[in-house]
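Novice: quick one, fold the following:
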Amino acid sequence: MSSRRRFIQQLAIGSTVLTSNSLLANNLQNKAGSYKEGLALTTWPFGYTANEAAWKILGAGGRALDAVEQGVMTAENDPGSTSVGLAAYPDRDGTVSLDACIMDEKGNAGSVCAIQQIKNPISVARRIMEKTPHVILAGEGALQFAKEQGFPVEKKKLSPHADRAWKEWLKKQEYKPVINSESHDTIGMVAIDKSGNLSGACTTSGVGFKLHGRVGDSPIIGAGLFVDNEVGAATSTGLGEYVLKTLGSFLIVELMKQGYSPQSACEEAAQRIIKKYNYKDFQVCYLAVNKFGETGAYSIQSGFEYALIKGGDNKILKSSSFLT
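Specialist: Numbering: from 1, shown residues only. Sure, this is the predicted structure:
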């Protein structure tokens, strides 16, 4: 390659970077300042209860990191849940394994994959973030770490509703994710505290009757969750394989950094999936918030609902979608 051609290419790359930085700078200049009234944005209707728990912390001036942990724990602790926590549907072998991740305003992150017999994997993920040099622990290693940290180990027993569903599934043993099944799935939460700092958390039991050992997008930083305290945060729910293939949450935050609104960023992230895959057979949903308290929500299929609490006002909202 000639030196002249190389120079032109480098100049083009530099111009792209400058353009992106200029978009962000212009966006920042057009805002009055970061949002500091407290906000939590959570997937699915069970996010309403999660938001209430988070607001007890946010409303009192507490840290967003504490709020998202306590918020998603409401789903982990729900004995009626089918998609989060130890009461949820098992894999095809009859075993419940859980995934979770958490990320704070400083860019620190912790994740746990395929852990069993631990009631609150989100808290294990936070402990990994704060007590180890690692980001992800998985399987037996994650369970060993949880034991060492004093987390109680629960009995390896299916909840009554999960046991019935598994035995019914065994009759045909067909794996086919159901769009918006039970009107909820993974719980993902992003929040802003009264200091203007962001954090996020995501926790799930994964797809019901999955292959043993399957890990989806939820515990993967950049897929199921991403936080950039200077820009915003995003989380996802739905069939995680497609979020993993496009790193949806990271993409949304990067788009917001380039000047996209949270809504347009969520829509573009969905389009990256729609353009490549047979999107009619599965659901993917995104939530996002920027530094200024503006929010976005978008899904491929209709039917995605989410919860937003802002200034203490908690409500369930319907997302816009590509298909109606």
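
Novice: just the pLDDT for the residue lying closest to Ser299 once chain neighbours are set aside.
Specialist: Leaving aside its sequence neighbours, Ser299 sits nearest to Cys285 (Cβ to Cβ, 6 or more residues apart in numbering; 3.9 Å). In this view, the C-beta of every residue, glycine as well, is placed from N, C-alpha and C. Note for Cys285: predicted pLDDT of 97.

Novice: tell me, how many residues neighbour Cys285?
Specialist: 30 (other Cβ atoms under 10 Å).

Novice: quick one: strands adjacent to the helix or strand harbouring it?
Specialist: In the assignment (DSSP states H and E), Cys285 maps to strand 284-290. According to DSSP bridges, strand 284-290 forms sheet pairs with strand 232-238 (antiparallel), strand 295-299 (antiparallel).

Novice: contacts for the host helix or strand of Ala162 next, please.
Specialist: Ala162 belongs to helix 160-170 when elements are defined using DSSP H and E. Here helix 160-170 makes contact (Cβ atoms under 8 Å, 6 or more residues apart in numbering) with Gly80, Thr82, Ala87, Ala88, Tyr89, Pro90, Arg92, Gly94, Val96, Leu158, Gly208, Phe209.

Novice: can I get it in CSV, CA atoms only?
Specialist: Once side chains and other backbone atoms are set aside, the C-alpha atoms of helix 160-170 remain, and they are given as CSV (Å, rounded to 0.1, in the frame of the first residue of the first chain):
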residue,chain,number,x,y,z
PRO,A,160,-43.8,-27.8,42.5
HIS,A,161,-44.7,-25.8,39.3
ALA,A,162,-41.3,-26.4,37.8
ASP,A,163,-41.5,-30.1,38.5
ARG,A,164,-44.9,-30.4,36.8
ALA,A,165,-43.7,-28.4,33.8
TRP,A,166,-40.6,-30.5,33.4
LYS,A,167,-42.4,-33.8,33.6
GLU,A,168,-44.9,-32.5,31.0
TRP,A,169,-42.0,-31.4,28.7
LEU,A,170,-40.4,-34.9,29.0
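
Novice: I'd like the next helix or strand past it.
Specialist: strand 187-192.

Novice: low-scoring stretches of the stretch 1-150 of the chain, by residue?
Specialist: Per-residue confidence for the stretch 1-150 of the chain (pLDDT under 70) gives these ranges: 1-32.

Novice: which residues of it fall in strands?
Specialist: Using DSSP state E, counting those that start in this stretch, the strands of the stretch 1-150 of the chain run over 39-43, 98-103, 109-115, 136-138.

Novice: who touches the first one?
Specialist: This means strand 39-43. Counting by Cβ under 8 Å, 6+ apart, residues outside strand 39-43 touching it are 47-48, 50-51, 54-55, 58, 67-68, 71-72, 184-192, 235, 237, 285, 287-289, 293, 295, 297, 306-311.

Novice: got the angle for it vs strand 295-299?
Specialist: With axes from the mean of the first three to the mean of the last three Cα atoms, to 10 degrees defining the directions, strand 39-43 sits at 10 degrees from strand 295-299.

Novice: quick one, strand 39-43 and strand 187-192 angle?
Specialist: Using the same axes, to 10 degrees, strand 39-43 lies at 170 degrees relative to strand 187-192.

Novice: pairing partners for strand 39-43, with directions?
Specialist: strand 187-192 (antiparallel), strand 305-310 (antiparallel).

Novice: likewise for the second one?
Specialist: Next to strand 98-103 in the sheet, as set by DSSP bridges, lie strand 109-115 (antiparallel), strand 198-204 (antiparallel).

Novice: tabulate those (CSV), appending distance to Gly222.
Specialist: Converted to CSV, these look like this (distance: least, Cβ to Cβ, whole Å):
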stretch, distance to Gly222
strand 109-115, 9
strand 198-204, 12
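
Novice: and those strands, which is most packed in?
Specialist: Of all the strands paired with strand 98-103, strand 198-204 has the most neighbours on average by mean count of other Cβ atoms under 10 Å, namely a mean of 31.

Novice: helices or strands up against whichever helix or strand comes after that one?
Specialist: Sequence-wise, the next helix or strand downstream of strand 198-204 (DSSP H and E) is strand 225-228. Packed against strand 225-228 by the contact rule (3 or more Cβ pairs under 8 Å, 6 or more residues apart in numbering; DSSP states H and E) you find strand 98-103, strand 187-192, strand 198-204, strand 232-238, helix 248-257.
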